[in-house]
Each structure stands twice: as C-alpha cells, then as structure tokens.
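Asker: Structure of the sequence below:
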Amino acid sequence: MTSAASNATRTRTFFQAAWVKFRKHKLARVGGAVLLLLYLAALFADFLAPYPEIHGFRNFSYAPPTQIHFQDEQGRWTRPFVYGFQIGRDPNTFQKILIEDKSKKFPLYFFVRGEPYKLFGFIPADIRLFGGPAFTTSSEEVAVFLWGADDFGRDIWGRIWYGARVSLCVGIAAALCAIVLGMFFGGLAGFYAGINSRISFGYGNRELYAHLRAARGAALAWMLLKRVGHLALCLGMAYLAYTTLVGYLSTARGLELFIGSLFVAGAAWLLYVLFWTGIRLDPDNVIMRLTEVLSAIPGLLLLVILRALFPQQLSPTATFYIVVAILALVGWGGLARVIRSQILSIREAEYSQAARALGASDTRIIVRHILPQVATYLIVTVSLAIPGFILSESGLSFLNLGISEPAASWGLMLSKAQANGITAFTDRPFLLIPGFFIFLAILSWSFLGDGLRDAFDPRSK
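Answerer: Predicted coordinates:
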C-alpha cells in the first residue's frame, strides 16, 4: 500500500515531462529523424561519395543520371552494372550527348577502395560506399552519376553531401553565435533597464566639483579650466568655419570639405559633452535603439552589404567563418529583444527580489535565478532560428557571395540551375535537387522547433 501511494505521488521532472510531450508530437519526431539522417550523411560524405569533392570528368559536363542495370541482355538478374559511354551529337540541337556503349559493361561493387580521404578530418581511410575497378582509375569512358553531373562533370550525389557540411553546419554555428550576442546584449538591456541603473560616462560638473571641493584651490582651478575649455572650443569652431569657407571658395571639392567639417565639429561637440559635462546612458535604450536600426534595414540587403566589405577571393574556410559572423551579426537583434522581455519579467519575480533583498550580487542573481529560467527558451530559440540562417546562407551562395568554388554548398549548387535558365526545368531537372534538400532541411528544423516549443512551454497542457 505504501509503495503504491509513493508511486502515485511521484512526479516527473521538468525535462521528463517535456520529453513525454515531445514524443507525442509526430511531426517533430519525423523532423528530428530526417535531420539526424542528413547530419550523419554530411559527417560521412567522403564515404557516401564515389569521387572526391573537386574531382570532375571533362567529357561528362551536365551528364544525366546514370542508369544502373540489374538484368543482363537475357533478362537474368545479376550484379548491378553500368555500360560505358560514347560521345555523340544530337541531330536536332547539335549538342553533345552521351550514348551507352553496350559492348562495355562495368560491374558495380559496394564498400570498395577508392580515392583516399580523412574520416572526420583526421582518420586516414579509402573505403567508399560503391564503386568499381574502372571508377578508381578515373576512367573517362565510364562514370556513375546517381543524380547527374554539373557543368564541370562533378557528381551531384557526392556534392550534395559535401555541400550539406556547409549548409547544415552554418545554421547551427550562426545560431549559436547569435544566441551569445543576443543573450549578452538582451540580458544587459533587460537586467539593467530603468533609470536607477544608468551608466555614467565621464564626470558632470556637479560630480567633479564635489570630488575636487575637498582639495585646496581645486574648485577654482576646475572653474578656470572649464572656462579655458569653452574658449578653446569656440576658437576651434571659428577657425574650422573660416577654413571651410576658404576651402569652399578656392577648391572644386568644397561640398565634401563642408560635410567633413560638419562631421568634425559634431565629433568635437560629442567629446566635449561626454568627457567634460558628463552624460548618462541607459543600456536598455541604447541597445534597443540599435536593434531597431538593424530591424529597419532589409535583412538580405544588409547581408549583401556586409559580405561586399570582404574580398571575394578568399579560401572556402575563411569564407565560411565570415558568413557565420555576418549571419550572427545580422540575426542577434531579434533574439536580444525577446531575451530582454524574458529577463524583465524574471527580474521582477519574487525569488529575484528576495535574493536581492538578502544581499545577493548581480552576478549571483543572473547565474542562479535568471539563466536557468531562460535556458529552456534558448533551446527553442536555437531550433527555430537555424532554418532562417540556413536559408540566408543559401541565398548568399546562390548570389555567389557565400561559399565559392571549388567547395560545395546547396545554394551554390542551385545557382547552376539558375545559370541554365528554363533548360534546368526541361532538359536538366537534376540541377534542382539541391533546392529540394534546402526545403527538406528547413521544413525538418521547423517541425523540430515546433515540437520543442510545445514541449518546453510550461503553459501547455
């Protein structure tokens, strides 16, 4: 009787209850399973691809998907094989076409030795999923393209998995960096919001006079220094106006000189106000105004402008880090606003006020009371922000502003279809396969994010 009562009163923890609710979300489980397969395929891309990432066949440009045969000429089932190819011409369009040469038959083997690679980046290996003796020698008369070839004769099947490393990982990396920035600035704005927590830069007249009043003759010295500063500022502005007028009358670039003079005068006035008279800044107002400026600029336009600041001829690794940094810089504003609202409500909670009344420091309140409450929200936010970053990276690569050749990216591969125009829909539909994987990854992340949001929402039943 006692054990039954104890089992009846036993309650689940928060994460156990969240797991139970997540398992009931079928679309979230499907999305998680699809993402698991995609990331495993990206991790073992060298094993799945029959050829290296940059390997191409000069005679197989825009080759259609290779037909794999399972029956011989007599109709008997046999080992999978492909025929050789001969290069011919279409009598109507005079374009180069590939014709199967049935006099040459090449068997297809699984788990064969091919071009060497490094598994996980550091383990030497040469086992590939499928291939054959003729494939390992890079024969120009035979090749296997499960999903066709691109303009350089590179296997689209293999480049899909090579490109998944960039397109899938850039979303997670950019989301984590944006979360760090959004958590820092959003937490700063939310926790220190209010007039009582304003940060002061420099000393105002009253503050500095109070500090110097105890010193003998310091107050008089300060007043004299202040008057000298005012006089120097007025003389400097007058001289600046004189040189501007002379330059405007004597040079052909007077407008540029006038605008530059206004900029210098404004900077001088700002420095004077900041360090002589003192200024108080509310971090909440400063950060929120900055996020409003970021949200006012169209996202794609801001991405293109920031990417244009860096050279185009960079290594794929350097370009990857630059794209991640740009995506995080553009995407942290919205996250900071939501985190600020979360922290504002948690800061006014009873346990936070009780900890402050007991003498707890700001660091202890943030670490022990605020961050645990925001952690579940961050999990949901990351899962929902990743699809947007994946789509943004694909857009940059589609515009040839992201990952560059010879590296692979789904957006970069999709640009091949755009370069072919309507031909990609009529004669070469296999060039649109990267677009399907972009759609699949974004849809799967959206399903997973919805499931996590429903599971971690304490108000859901």
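Asker: who does the host helix or strand of Leu36 touch, helix- and strand-wise?
Answerer: Element membership for Leu36 (DSSP states H and E) is helix 26-43. If contacts are counted by 3 or more C-beta pairs under 8 Å, 6 or more residues apart in numbering; DSSP states H and E, helix 26-43 sits against helix 14-23, helix 156-191, helix 433-456. Using the backbone N, CA and C atoms, a C-beta is placed for each residue, glycine as well.
Asker: just checking, what packs against the longest one?
Answerer: Counting contacts by 3+ C-beta pairs under 8 Å, 6+ apart, helix 156-191 is packed against helix 26-43, helix 45-48, helix 283-296, helix 316-347, helix 371-398, helix 410-420, helix 433-456.
Asker: swap in the last one?
Answerer: Judged by 3+ C-beta pairs under 8 Å, 6+ apart, helix 433-456 is in contact with helix 14-23, helix 26-43, helix 156-191, helix 371-398, helix 410-420.
Asker: among the ones you listed, which is nearest Arg76?
Answerer: helix 156-191 (27.7 Å; C-beta to C-beta).
Asker: Buried by neighbour count: which residues of stretch 122-133 qualify?
Answerer: By 16 or more other C-beta atoms under 10 Å, the buried positions in stretch 122-133 come out as Arg128, Leu129, Phe130, Gly131, Gly132.
Asker: Next one: the closest residue to Tyr377 other than its chain neighbours relative to Gly186, how far apart?
Answerer: Distance criterion C-beta to C-beta, 6 or more residues apart in numbering; nearest residue to Tyr377, sequence neighbours excluded, is Gln342 at 5.9 Å. Separation of Gln342 from Gly186 (C-beta to C-beta, to the nearest Å): 8 Å.
Asker: Just want to know which of the two has more residues nearby.
Answerer: Between Gln342 and Gly186, counted using other C-beta atoms under 10 Å, the more crowded position is Gly186 (29 against 18).
Asker: pLDDT wise, what is the more buried one at?
Answerer: If you check Gly186, the pLDDT there is 84.
Asker: Ala336 is in contact with that one, correct?
Answerer: Yes. Gly186 is within contact range of Ala336, at 3.6 Å (criterion: C-beta atoms under 8 Å).
Asker: who touches both of the two?
Answerer: Ile287 (C-beta atoms under 8 Å, 6 or more residues apart in numbering).
Asker: quick revisit: now, the most widely separated pair of the buried residues of stretch 122-133?
Answerer: Checking the buried residues of stretch 122-133 with C-beta to C-beta, the most distant pair is Leu129 and Gly132, at 12.0 Å.
Asker: Is it possible to get JSON lines of the helices and strands packed on helix 156-191 that adds mean pLDDT and distance to Ile68?
Answerer: JSON lines is the format used below for the helices and strands packed on helix 156-191 (pLDDT from 0 to 100; distance: least, C-beta to C-beta, whole Å):
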{"stretch": "helix 26-43", "mean pLDDT": "92", "distance to Ile68": "20"}
{"stretch": "helix 45-48", "mean pLDDT": "90", "distance to Ile68": "16"}
{"stretch": "helix 283-296", "mean pLDDT": "80", "distance to Ile68": "51"}
{"stretch": "helix 316-347", "mean pLDDT": "84", "distance to Ile68": "32"}
{"stretch": "helix 371-398", "mean pLDDT": "82", "distance to Ile68": "30"}
{"stretch": "helix 410-420", "mean pLDDT": "82", "distance to Ile68": "22"}
{"stretch": "helix 433-456", "mean pLDDT": "89", "distance to Ile68": "17"}
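Asker: Tell me which residue is most central in the chain.
Answerer: Ala174 (3.2 Å; C-alpha atoms, centre = their mean).
Asker: Spit out the contact partners of the closest residue to Met413 other than its chain neighbours.
Answerer: Once flanking residues are discounted, Met413 sits nearest to Pro434: 4.1 Å by C-beta to C-beta, 6+ apart. Contact partners of Pro434, counting by C-beta under 8 Å, 6+ apart, are Ile156, Ile160, Gly163, Trp410, Gly411, Met413, Leu414, Ala417.
Asker: how does it look with 10 Å?
Answerer: 147, 156, 159-160, 163-164, 167, 394, 397-398, 408-417 (C-beta atoms under 10 Å, 6 or more residues apart in numbering).
Asker: same deal with Gly451?
Answerer: Neighbouring residues of Gly451 by C-beta under 10 Å, 6+ apart: 21-32, 380, 383.
Asker: again, 7 Å this time
Answerer: Phe22, His25, Leu27, Ala28 (C-beta atoms under 7 Å, 6 or more residues apart in numbering).
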